[in-house]
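Colleague: give me the fold of what follows.
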Amino acid sequence: MKNKRKVLLCGLLVILMLGLLALAGCGGKTDGKSENALQEGGSSGQGTIKLGWVAPLTGTGAAYGEQMLNGAKLAAEEINAAGGINGEKIEIVPQDDKSDPKEAASIANKFVNDSGILAVVGNYNSSCALSGAPIYTEAELPMIHVGTSPAFTEQNYPYLFRISVTDAFQGVFVSEWMYEDGYRKAAILYENDDYGRGLNDVVTKKFKELGGEIVASESYMLGETKDYTALLTKVKSAGADVLFIGGLYTEAALIAKQMKQVNLDIPVYGTDGIYENIFIELGGEAVEGFHVSGLLVPSDPDPKVQEFVQKFEKAYGFIPGTYAAYHYDATKLLAQAIQAVGKDRVKIKEYLEGLKEPFPGVTGAITFNETHDAMRTGMKRMVVEKGQWTLDK
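Modeller: Below is the predicted model of the structure:
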């Protein structure tokens with residue numbers, strides 16, 4: 001009998017221990033929410049919310065990439081300092097696409113296969129964004145990018161959203177500006193890629209529609225062309241009274257210096273790809289008087305703009321440009337979407353499509369149209385004056 005009692009007692013103890021272990025295993029669901037429910041809407045208050053980030057951190061676009069990453073990081077730090085999203089911290093997962101479309105596609109595949117990444121911010125180069133676009137769309141991973149090629153509008157990728165201003169918008173804006181300033185014979189130098197060709201096409205078409213003439217149109221290779229004197233000699237021989245550069249700040253600074261070498265003294269206009277402080281550092285006196293379009297003006301008295309500029313400069317040691325502001329706004333907007341709809345890629349995309357109120361970004365109010373282009377009411381006319389960017393008078 002004693003042995004039977006011992007066996008029975010041991011059995012009861014085993015059953016009791018198993019029951020306690022089972023209760024411990026259910027402890028994470030005592031509030032009645034399943035794991036799926038947490039993923040859909042709420043949060044356990046633990047872990048991180050991952051956002052992919054991709055742009056050039058090496059190569060010709062590295063300076064842009066650095067400040068864009070800083071803009072995204074600053075936004076994430078502010079959100080996290082305020083408690084995060086439902087108690088969870090935002091984690092920026094950066095990748096360097098080296099301005100290479102093949103690298104951008106590889107990174108896109110990496111992001112879509114990471115189920116923890118809810119959305120992506122990037123790319124800088126239009127060719128890189130276009131190479132990743134089909135991958136993000138097929139995997140239903142939303143992305144906010146700053147590529148400006150008209151191809152995004154034409155192809156209307158459902159999971160891509162453009163926060164920057166399109167080439168079409170800027171090309172028309174600057175064409176009208178040149179014409180209003182009295183110029184009638186324009187020459188165009190543009191980088192031979194999606195970005196530069198898009199600007200060349202738009203400016204050529206619009207300037208002619210206004211009544212002007214395109215007297216020269218020459219391309220160069222981004223990161224490869226260093227000597228522009230032959231192209232500039234063609235511009236001079238064509239009798240141009242104004243030059244439009246469809247390219248970025250490094251090449252534009254070289255062009256400005258080499259204009260002096262061929263004694264080409266005509267006004268120069270461009271878009272926000274040139275609107276960076278480093279452009280003035282690289283070009284020095286040669287870029288005095290350059291005209292470009294932009295959205296972020298560091299001297300803008302708007303309190304939210306001043307707060308952003310001051311925080312950015314304090315954190316990173318230099319005044320932010322437009323692209324830093326784009327990525328700051330994109331990160332804040334994605335955080336707002338996740339806060340509203342939860343950790344669900346498809347719902348984030350649907351939220352961005354159906355923004356009820358314009359998002360109040362430092363680059364201006366943002367909503368998206370049916371092709372996912374940011375709706376902008378206008379741009380600023382900027383000119384280099386005494387070594388600084390100022391509003392054109």
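Colleague: number of residues surrounding Gly84?
Modeller: Taking other CB atoms under 10 Å as the criterion, the count of residues near Gly84 is 18. Glycine gets a C-beta too; all of them are placed from N, C-alpha and C.
Colleague: ok, the nearest residue to it once chain neighbours are set aside - contacts?
Modeller: Nearest residue to Gly84 in three dimensions, chain neighbours excluded: Ile90, at 6.6 Å (CB to CB, 6 or more residues apart in numbering). Neighbouring residues of Ile90 by CB atoms under 8 Å, 6 or more residues apart in numbering: Thr48, Ile49, Lys50, Leu51, Ala76, Ile79, Asn80, Gly84, Thr331, Ala335.
Colleague: looking at it, the last one is touching Glu78, isn't it?
Modeller: No - counting by CB atoms under 8 Å, Ala335 sits too far from Glu78 to count as a contact (9.4 Å).
Colleague: between those two, which has more neighbouring residues?
Modeller: Neighbours around Ala335 and Glu78, counted as other CB under 10 Å, are more numerous at Ala335. The numbers are 22 against 17.
Colleague: and that one, its phi and psi?
Modeller: phi -60, psi -40 (degrees, to the nearest 10).
Colleague: and the closest residue to Phe279 other than its chain neighbours, how many residues sit next to it?
Modeller: Distance criterion CB to CB, 6+ apart; nearest residue to Phe279, sequence neighbours excluded, is Tyr249 at 3.7 Å. Using other CB under 10 Å, Tyr249 has 28 other residues around it.
Colleague: lowest confidence element among the helices and strands of the chain?
Modeller: Across the helices and strands of the chain, mean pLDDT, DSSP states H and E gives its lowest value to helix 35-40, namely a mean of 29.
Colleague: ok, Glu370 - contacts?
Modeller: By CB under 8 Å, 6+ apart, the contact set of Glu370 is Asn156.
Colleague: OK, contacts around the most centrally placed residue in the chain?
Modeller: The centroid of the chain falls nearest to Val146 when counting by CA atoms, centre = their mean (3.7 Å). Contacts for Val146 (CB under 8 Å, 6+ apart) come out as Met68, Gly122, Asn123, Tyr124, Ala129, Arg162, Ile163, Ser164, Tyr323, Tyr326, His327.
Colleague: re earlier: drop anything exposed from the contacts of Ile90.
Modeller: The neighbour-count test (16 or more other CB atoms under 10 Å) marks Ile49, Lys50, Leu51, Ala76, Ile79, Asn80, Gly84, Thr331, Ala335 as buried among the contacts of Ile90.
Colleague: nearest to Glu385, of these?
Modeller: Thr331 (32.1 Å; CB to CB).
Colleague: any idea how far Gly71 is from that closest one?
Modeller: Plainly put, Thr331 is 7 Å away from Gly71 if you go by CB to CB, to the nearest Å.
Colleague: now do Ile266
Modeller: 34 Å.
Colleague: any idea how far Gly361 is from Tyr326?
Modeller: For Gly361, the distance to Tyr326 equals 9 Å [CB to CB].
Colleague: ok, which stretches of the stretch 151-300 of the chain are strands?
Modeller: Per DSSP state E, counting those that start in this stretch, the stretch 151-300 of the chain carries strands over the ranges 160-162, 185-191, 213-220, 242-246, 268-270, 291-294.
Colleague: out of these, which one sits most buried?
Modeller: Highest mean neighbour count of the strands of the stretch 151-300 of the chain: strand 242-246, a mean of 27 (counted as mean count of other CB atoms under 10 Å).
Colleague: return the distance of stretch 52-69 from the chain's centre.
Modeller: With CA atoms, centre = their mean, to the nearest Å as the basis, stretch 52-69 stands 10 Å off its chain's centre.
Colleague: average pLDDT for that stretch?
Modeller: Stretch 52-69 shows an average pLDDT of 93 in the prediction.
Colleague: returning to that earlier point: thinking the residue nearest to Phe279 is in contact with Gly273, fair?
Modeller: Yes - using CB under 8 Å as the test, Tyr249 is close enough to Gly273 to be in contact (6.9 Å).
Colleague: gap between the nearest residue to Thr233 once chain neighbours are set aside and Ser175?
Modeller: Nearest non-adjacent residue to Thr233, counting by CB to CB, 6+ apart: Val262, 5.4 Å away. Noted for Val262: a distance of 25 Å to Ser175, by CB to CB.
Colleague: can you check Phe308 too?
Modeller: For Phe308 relative to Ser175 (CB to CB), the value is 30 Å.
Colleague: before we move on, which element is Lys73 in?
Modeller: Assigned by DSSP states H and E, Lys73 belongs to helix 62-81.
Colleague: next secondary structure after that helix?
Modeller: Past helix 62-81, the next helix or strand by DSSP H and E is strand 89-96.
Colleague: now that next one: mean pLDDT?
Modeller: For strand 89-96, mean pLDDT is 98.
Colleague: quick check: angle from it to helix 62-81?
Modeller: With axes from the mean of the first three to the mean of the last three CA atoms, to 10 degrees as the basis, strand 89-96 and helix 62-81 are set at 170 degrees to each other.
Colleague: and strand 89-96, how far from the chain's centre?
Modeller: 14 Å.
Colleague: neighbouring strands - and their directions - for that strand?
Modeller: Applying DSSP bridges, strand 89-96 is found paired with strand 48-55 (parallel).
Colleague: coming back round to it: so which of the strands of the stretch 151-300 of the chain is nearest Ala133?
Modeller: It's strand 160-162; of those, that one is closest to Ala133 (CB to CB) at 5.5 Å.
Colleague: packing partners of that closest one?
Modeller: Applying 3 or more CB pairs under 8 Å, 6 or more residues apart in numbering; DSSP states H and E, we find strand 160-162 packed against helix 126-139, strand 143-145, helix 151-155.
Colleague: if you set the cut-off to 10 Å instead, what comes out?
Modeller: Here strand 160-162 touches helix 126-139, strand 143-145, helix 151-155, helix 322-341, helix 345-353, going by 3 or more CB pairs under 10 Å, 6 or more residues apart in numbering; DSSP states H and E.
Colleague: I'd guess Val309 is in a helix, am I close?
Modeller: Yes - assessed by DSSP: H, G, I helix; E, B strand; the rest coil, Val309 belongs to a helix.
Colleague: now it, nearest residue through space, not along the chain?
Modeller: Per CB to CB, 6+ apart, closest to Val309 is Pro298, 5.0 Å.
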